[in-house]
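Engineer: Quick one: sequence plus predicted model below, questions after.
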Amino acid sequence: MVQFKNEKGDINISSEVISSVTGAAATKCFGVRGMAFRNKTDGIVMLLRRESMSKGVKVTYNPNGSIDIDLHIIVSNDVNFTVVSENIMSEVRYMVTSTTGVPVNKVNIFIDGVEIG
C-alpha cells in the first residue's frame, strides 16, 4: 500500500488499485491479447478475464516511494514483441503515474504466451 500525507489527511492506495490501472492500460495496447497467469501447480499459462486481470501484475514498493511493476501478458503472434513491450511500458508508466500520483521506477514485461489467429 502506498501512503501519502498532507495537511488535509492521509491517502492510501492499495496494490489492487495499482494492479487494476496497470492491467487496464496494458490490455488497451495494440498486440496485447490479455493478461497472463501461470498456474503454480502445473505451470500452464491462462488468459485472464477482465475482472481478474490484476493477477497478472506484481507491484513492488521501493524505499524512495516509487514502485516497480512486473506485468505478465499474452500477445498476438503477428506483432513485433519489442515494439509492443516498449509501448506497454510507456502506457503503463503514464497511466499509473497520472492516475495515482505514484512514480513508476520500472515496468518489466514478461510475455508468457502467444495467441495465434
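Structural biologist: The structure has been received and is ready for your questions. Residues are numbered from 1 along each chain as shown.
Engineer: Could you list the residues in contact with stretch 98-117?
Structural biologist: 2, 4, 13, 17-18, 21, 33, 36, 38, 45, 47, 62, 64-77, 81, 85, 88-89, 92-93, 96-97 (C-beta atoms under 8 Å, 6 or more residues apart in numbering). C-beta here means a position set from N, CA and C on the backbone, and glycine is covered the same way.
Engineer: 6 Å instead?
Structural biologist: Outside stretch 98-117, the residues that touch it by C-beta atoms under 6 Å, 6 or more residues apart in numbering are 2, 13, 21, 33, 36, 45, 62, 66-72, 74-77, 81, 85, 88-89, 92-93, 96-97.
Engineer: Would you show me how to pick out the buried ones of those residues in ChimeraX?
Structural biologist: In ChimeraX, this line selects whichever of the contacts of stretch 98-117 come out buried by 16 or more other C-beta atoms under 10 Å:
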select :2,13,21,33,36,67,69,71,72,74,75,85,88,89,92,93,96
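Engineer: per-residue pLDDT, the closest residue to residue 60 other than its chain neighbours?
Structural biologist: Leaving aside its chain neighbours, residue 60 sits nearest to residue 68 (4.3 Å; criterion: C-beta to C-beta, 6 or more residues apart in numbering). Looking at residue 68, its pLDDT reads 97.
Engineer: Packing partners of the helix or strand hosting residue 68?
Structural biologist: Residue 68 belongs to strand 67-76 when assigned by DSSP states H and E. Here strand 67-76 touches strand 32-38, strand 57-61, strand 104-115, going by 3 or more C-beta pairs under 6 Å, 6 or more residues apart in numbering; DSSP states H and E.
Engineer: in the sheet, who's paired with the closest residue to residue 93 other than its chain neighbours?
Structural biologist: Residue nearest to residue 93 in three dimensions, not counting chain neighbours: residue 104, with 4.5 Å by C-beta to C-beta, 6+ apart. For residue 104, the beta-bridge partners under DSSP bridges are residue 67.
Engineer: Tally up the residues packed near residue 104, please.
Structural biologist: Other residues lying near residue 104 total 20 when counted by other C-beta atoms under 10 Å.
Engineer: cool, and residue 61?
Structural biologist: Neighbourhood size, residue 61 [other C-beta under 10 Å]: 15.
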